[in-house]
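Trainee: I would like the atomic coordinates for the input below:
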Amino acid sequence: MNDDMSKVSGAKRSGADTMNEVRLRAARKRLAESRDQEDAIDGLREIAATFLGSEEIGLFRVNREGTSFQVIGSFGINPEEYDLLRAIGKPALERLMRGEGHVEFGTRDRFGAADKAQAFIPIRRANHTVAILAVLRLLPQKVAFDKSDMELFKLLSDEAAAPLFERKGHSKAEADESGIRA
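Mentor: Got it, this is the predicted structure:
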């Protein structure tokens, strides 16, 4: 019998690492099992509320140039009054279009309300940003985003486009041919 079980089983993982893996796996599964675009948007809302600590999100489809936005889902905000470009600014939008996330702390929204933090996550498909997920105003018990949140942002950026823009049972090419375009 080996007294040093860490040599046999590999490096020990912290509870936080294990919890983060469970969280990422659950988010990936929720997105993968989405039945359609509406269900995928609902999945993003659940992920934001459960894992990111925010009940205010907006999902905006964006053209390739980043010059026009279409609200395709929101929760906890009035999408007609939310100005995405004003909220993030042109330099941050250019980074989002290149696939870089953007997180702000201690900002104020256009109504003057202080936000503890907000994140803008590029949703990518075929190396292009096709949508932007805005995660706004954290719940009172969460004061900032951490490293595990950044890993979740990366997962959303890389994996949310397929359930949002491709119909189940159809390939990407078939989805493009049927008019579902990113």
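Trainee: only C-alpha atoms for contact and neighbour calcs from this point on.
Mentor: Noted.
Trainee: show me where this protein has its helices.
Mentor: Under the criterion DSSP state H, the chain contains helices at 5-9, 15-32, 37-47, 84-88, 90-97, 147-159, 161-165, 172-177.
Trainee: what's the average pLDDT for the fourth one?
Mentor: The pLDDT scores in helix 84-88 average 82.
Trainee: can you show me the CA trace of that helix as CSV?
Mentor: Extracted in CSV, the C-alpha atoms of helix 84-88 (Å, rounded to 0.1, in the frame of the first residue of the first chain):
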residue,chain,number,x,y,z
LEU,A,84,-24.7,49.0,-25.8
LEU,A,85,-22.3,51.2,-27.7
ARG,A,86,-22.6,54.0,-25.1
ALA,A,87,-22.2,51.4,-22.2
ILE,A,88,-18.9,50.0,-23.5
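Trainee: now for that helix, which elements pack on it?
Mentor: With contacts defined as 3 or more Cα pairs under 8 Å, 6 or more residues apart in numbering; DSSP states H and E, helix 84-88 has no packing partner among the helices and strands.
Trainee: let's have the helices of the chain in a markdown table, adding distance to residue 67 and mean neighbour count.
Mentor: A markdown table is the format used below for these (distance: least, Cα to Cα, whole Å; neighbours: other Cα atoms under 10 Å):
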| stretch | distance to residue 67 | mean neighbour count |
| --- | --- | --- |
| helix 5-9 | 52 | 10 |
| helix 15-32 | 27 | 15 |
| helix 37-47 | 22 | 20 |
| helix 84-88 | 9 | 16 |
| helix 90-97 | 10 | 17 |
| helix 147-159 | 20 | 18 |
| helix 161-165 | 19 | 22 |
| helix 172-177 | 21 | 14 |
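Trainee: so where is this structure shaky, pLDDT-wise?
Mentor: 1-13, 106-117, 168-182 (pLDDT under 70).
Trainee: 50 instead?
Mentor: Counting by pLDDT under 50, the ranges of the chain that qualify are 1-9, 112-114, 170-182.
Trainee: before we move on, back to that, same list, the helices of the chain, but as JSON lines with distance to residue 64 please.
Mentor: Written out in JSON lines, the entries for those read as follows (distance: least, Cα to Cα, whole Å):
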{"stretch": "helix 5-9", "distance to residue 64": "47"}
{"stretch": "helix 15-32", "distance to residue 64": "23"}
{"stretch": "helix 37-47", "distance to residue 64": "20"}
{"stretch": "helix 84-88", "distance to residue 64": "15"}
{"stretch": "helix 90-97", "distance to residue 64": "8"}
{"stretch": "helix 147-159", "distance to residue 64": "16"}
{"stretch": "helix 161-165", "distance to residue 64": "14"}
{"stretch": "helix 172-177", "distance to residue 64": "15"}
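Trainee: out of those, which gets nearest to residue 104?
Mentor: helix 84-88 (8.9 Å; Cα to Cα).
Trainee: and the residue most central in space within the chain, what does it touch?
Mentor: The central residue of the chain, meaning the one whose C-alpha is nearest the mean C-alpha position (Cα atoms, centre = their mean), is residue 156 at 4.3 Å. When contacts are counted by Cα atoms under 8 Å, 6 or more residues apart in numbering, residue 156 touches 121, 123.
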